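Chemist: Fold the following.
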Amino acid sequence: MPEEDRALLQRQLAPYRRAHPGVRWTRPETWHLTLLFIGSLARERVAELEALVEAVGREVVAYEITIERGGGRPGQRGGVAWLGATRGARSLLETASLLAARCPPDIAGGSPPKRTPSAHLTVVRAADRAVIEALRSGSLGPHRASWTVDRVDLVRSHLGPGGARYETLHSATL
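Modeler: Residues are numbered from 1 along each chain as shown. As a prediction, this is how the structure comes out:
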């Protein structure tokens, strides 16, 4: 996600953050569009994923995406709220399906990789019904950003008490 769009969404979400301080807002520097979740991976298998990302990058053409439609689901241990894609969602899901179809099923050594179920940007963890409804209705103002998806990144997440931190291991241009 380009920095200027990240900054735009951060400004647009400021009224929502002020009105809903009791939920856990994700940090803008962690915002990303997940295509495929793999889980734990042995280091010696990373090269396979780099080759997969490169191969898919050669086949997929860059596309425009617009993130704006608020949504989410409350949960017993905390829900999640997101901004969904209104343009480019099909292209993003097709890219995710291509990666999932070509990813070796045993790559994670446990459960098989999971393709993203929807084109979305997670903005709240521990979401309640009030923040989900506010984002869904846009009651505190617009929340919209558009950009060109022109690369696929292989990203490693480091989980910690302050939330996830992401490290890009490999990037392929579309």
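
Chemist: Can you show me the helices along this structure?
Modeler: Counting by DSSP state H, the chain has helices at residues 3-19, 46-59, 89-102, 129-137.

Chemist: What residues does the residue in the chain sticking out farthest from the centre make contact with?
Modeler: Residue farthest from the centre of the chain, counting by C-alpha atoms, centre = their mean, is E44 at 25.5 Å. By C-beta atoms under 8 Å, 6 or more residues apart in numbering, the contact set of E44 is empty. C-beta here means a position set from N, CA and C on the backbone, and glycine is covered the same way.

Chemist: how close does it get to V53?
Modeler: When distance is defined by C-beta to C-beta, to the nearest Å, E44 is 17 Å away from V53.

Chemist: Show the pLDDT at G110.
Modeler: For G110, the pLDDT comes out at 60.

Chemist: could you give the mean pLDDT of the strand of greatest length in the chain?
Modeler: Looking across the chain with DSSP state E, the single longest strand is strand 63-73. Mean pLDDT, computed over strand 63-73, is 96.

Chemist: Next up, the contacts around the most centrally placed residue in the chain.
Modeler: Nearest residue to the geometric centre of the chain (C-alpha atoms, centre = their mean): L33, 2.5 Å. For L33, the contact set (C-beta under 8 Å, 6+ apart) comprises 1, 65, 85, 92, 116, 119-121, 149.

Chemist: Please repeat the previous calculation with a cut-off of 7 Å.
Modeler: 92, 119, 121 (C-beta atoms under 7 Å, 6 or more residues apart in numbering).

Chemist: so where's this structure shaky on pLDDT?
Modeler: Applying pLDDT under 70 to the chain flags the ranges 108-112.

Chemist: rewinding a little: between the helices of the chain, which one is nearest to L154?
Modeler: helix 46-59 (5.0 Å; C-beta to C-beta).

Chemist: Kindly export that closest one (C-alpha atoms) in CSV.
Modeler: Output in CSV follows, covering the C-alpha atoms of helix 46-59 (Å, rounded to 0.1, in the frame of the first residue of the first chain):
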residue,chain,number,x,y,z
VAL,A,46,11.5,-20.0,1.7
ALA,A,47,13.2,-20.3,-1.7
GLU,A,48,10.3,-22.3,-3.1
LEU,A,49,7.9,-19.5,-2.1
GLU,A,50,10.2,-16.8,-3.6
ALA,A,51,10.1,-18.8,-6.9
LEU,A,52,6.3,-19.1,-6.6
VAL,A,53,5.9,-15.3,-6.0
GLU,A,54,8.1,-14.6,-9.1
ALA,A,55,6.2,-17.0,-11.3
VAL,A,56,2.8,-15.5,-10.3
GLY,A,57,4.2,-12.0,-10.7
ARG,A,58,5.1,-12.8,-14.3
GLU,A,59,1.5,-13.9,-15.0
